[in-house]
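In: sequence and computational prediction follow.
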Amino acid sequence: DTAVSQTPKYLVTQMGNDKSIKCEQNLGHDTMYWYKQDSKKFLKIMFSYNNKELIINETVPNRFSPKSPDKAHLNLHINSLELGDSAVYFCASSRSDRNYGYTFGSGTRLTVV
Amino acid sequence: AQSVTQLDSQVPVFEEAPVELRCNYSSSVSVYLFWYVQYPNQGLQLLLKYLSGSTLVESINGFEAEFNKSQTSFHLRKPSVHISDTAEYFCAVSDRNNQGGKLIFGQGTELSVKP
């Protein structure tokens, strides 16, 4: 059983397109995150949701819109894709009442051409 | 606010040699500390964490890290590395008083183990 699963694993698309990445966790965690890993492998938080409520939004362009239909799912929709959006996007989850660290998904490699 | 500095971007070592990956942090509040490992084309896996108690923490695969509050460091060590330890290692911190809060990562250290 995969704890945090992301789909798709790879995504190649043209500039200007709109795309979505889906994330699901079966750990019973109440907090989910999106991180972006750039070409230099630097990880930066984008968003965090706790029980479907947005709690962190780190100066991400408004072309990026997260959606959390329930606490087990956090999807990321990106409008008008740009070359600079090419990166690996990681979903993660955690429990807000325990700090055992995050559990990460395997990532989605987005390439904008 | 917190920040993390990993002092070495790349560490090449020979198999069975000891290794130390250095991590320093800066924070105005008390923190939890973590090391994550990322194998090629995979997600991040938690390697070990310091929450409280003994300042020396160990992982199941032979790594250990020591929390040094006075030096604000959390260096990762292994006495004898294997080829399979080749990966990217990330040090991270989070605010102890905000358990649902974000993890702040260092820039990563690429450990390359050569035969």
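Out: Received the coordinates, thanks. Remember, predicted model here, so these are calculated numbers, not experimental data. Residues are numbered from 1 along each chain as shown, chains lettered A, B, ... in the order given.
In: how about the helix-or-strand element of chain B with minimal mean pLDDT against chain A, any contact?
Out: Every helix and strand in chain B was compared by mean pLDDT, DSSP states H and E; the lowest is strand B:56-58, with a mean of 90. No - applying C-beta under 8 Å from any C-beta of the partner chain, one finds strand B:56-58 separated from chain A by no less than 12.0 Å. No exception for glycine: its C-beta is placed from N, CA and C like everyone else's.
In: give the other helices and strands that that strand contacts.
Out: strand B:44-50, strand B:64-68 (3 or more C-beta pairs under 8 Å, 6 or more residues apart in numbering or on different chains; DSSP states H and E).
In: just for the chain, where's the confidence low?
Out: I'll assume chain A. Where chain A drops to pLDDT under 70, the residues are A:1, A:99.
In: think we crossed wires, I meant chain B
Out: B:99-100.
In: can you pull the phi/psi pair for the residue in chain A positioned nearest to chain B?
Out: In chain A, the residue that lies nearest chain B is A:S96 (3.3 Å; C-beta to the nearest C-beta). For A:S96, the backbone dihedrals (degrees, to the nearest 10) come out as phi -80, psi -20.
In: that older thread, B:H82: which of the helices and strands packed on strand B:56-58 is closest?
Out: strand B:44-50 (14.4 Å; C-beta to C-beta).
In: just checking, what packs against the closest one?
Out: strand A:103-104, strand B:31-38, strand B:56-58, strand B:64-68, strand B:73-78.
In: ranking these by burial, who's on top?
Out: Comparing the helices and strands packed on strand B:44-50 on average neighbours per residue, with mean count of other C-beta atoms under 10 Å in any protein chain shown, the densest one is strand B:31-38 at a mean of 24.
In: does any part of that strand sit near chain A?
Out: Yes - Strand B:31-38 reaches chain A (C-beta under 8 Å from any C-beta) through B:32, B:34, B:36, B:38.
In: if we can go back for a sec, right, and the helices and strands packed on strand B:44-50 - which one's nearest A:N26?
Out: strand A:103-104 (10.2 Å).
In: the closest one and chain B, are they touching?
Out: Yes - judged by C-beta under 8 Å from any C-beta, strand A:103-104 comes into contact with chain B at A:103-104.
In: contacts made by that strand with the rest, please.
Out: Strand A:103-104 has contacts (C-beta atoms under 8 Å, 6 or more residues apart in numbering or on different chains) with A:3-4, A:25, A:27, A:29, A:35, A:90-94, B:36, B:43-46.
In: what comes into contact with whatever helix or strand comes next after it?
Out: Where DSSP states H and E defines the elements, the next helix or strand beyond strand A:103-104 is strand A:108-112. The contact list for strand A:108-112, computed with C-beta under 8 Å, 6+ apart, reads A:6-15, A:19, A:21, A:78, A:81-90.
In: out of the residues you listed, which end up buried?
Out: A:6, A:11, A:13, A:19, A:21, A:78, A:81, A:85-90 (16 or more other C-beta atoms under 10 Å in any protein chain shown).
In: between those, which sits nearest B:P79?
Out: If you rank the buried ones among the contacts of strand A:108-112 by distance to B:P79 using C-beta to C-beta, A:F90 comes first, at 30.7 Å.
In: can I assume the closest one sits in a helix?
Out: No - going by DSSP: H, G, I helix; E, B strand; the rest coil, the assignment for A:F90 is strand, not a helix.
In: show me the contacts for it.
Out: By C-beta under 8 Å, 6+ apart, the contact set of A:F90 is A:6, A:34-37, A:43, A:104-105, A:107-108, B:43-44.
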